[in-house]
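Visitor: predicted model follows, preceded by the sequence.
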Amino acid sequence: MQYTLRPRKSSGIQTSGAHAGRVIVTVAILAILASAVPSPRHPWRAFALKREKERELRYDLVQMRDAIDHYKDAAERHAFMTKVDSQNYPPDLDTLVKVWMPRARS
């Protein structure tokens, strides 16, 4: 048995109208999807900003560790009094700032 395709028996106006409608719907869907996608530069820029913040935080962490080490060294040289159970580390950040930071600036 052999099958053959027969052409549709519809007017050309309905076919082209339906085709134009499909094209309009497709373009509208693509436009909505394209507007939801960020621009290609956006992820790269966000990544660069994140790396810059990480770099600054890493630098601040090194500075903080250095200040704590200097505080401990000064406490071990008896430059100021500390509590016995503190092992010569600052008890909190405010103490570190009050004791060490004015000396670091001078």
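Guide: Yes, it's here. Numbers count the residues shown, from 1 in each chain.
Visitor: from here on, contacts and neighbour counts on C-alpha atoms
Guide: Fine.
Visitor: count of residues packed around A18?
Guide: 12 (other CA atoms under 10 Å).
Visitor: next, the buried residues of whatever helix or strand it lives in.
Guide: According to DSSP states H and E, A18 maps onto helix 12-36. Within helix 12-36, no residue is scored as buried using 16 or more other CA atoms under 10 Å.
Visitor: next: stretch 67-82.
Guide: Neighbour counts over stretch 67-82 (16+ other CA under 10 Å) mark 67-68, 70-72, 75, 82 as buried.
Visitor: which pLDDT value belongs to K9?
Guide: pLDDT, K9: 64.
Visitor: ugh, typo on my part, it should be R45
Guide: pLDDT at R45 comes out at 81.
Visitor: tell me how far it lies from M64.
Guide: 29 Å (CA to CA, to the nearest Å).
Visitor: between those two, tell me which one has more neighbours.
Guide: M64 (14 against 11).
Visitor: secondary structure class for F47?
Guide: Of the three states, F47 takes helix under DSSP: H, G, I helix; E, B strand; the rest coil.
Visitor: how many neighbouring residues does it have?
Guide: Neighbour number of F47 under other CA under 10 Å is 11.
Visitor: ok, which pair from the buried residues of stretch 67-82 is furthest apart?
Guide: Based on CA to CA, the longest span within the buried residues of stretch 67-82 runs between A67 and T82 and measures 15.9 Å.
Visitor: quick one on the thing from earlier: which secondary structure elements does the helix holding A18 contact?
Guide: Contacting helix 12-36 under the criterion 3 or more CA pairs under 8 Å, 6 or more residues apart in numbering; DSSP states H and E is no other helix or strand.
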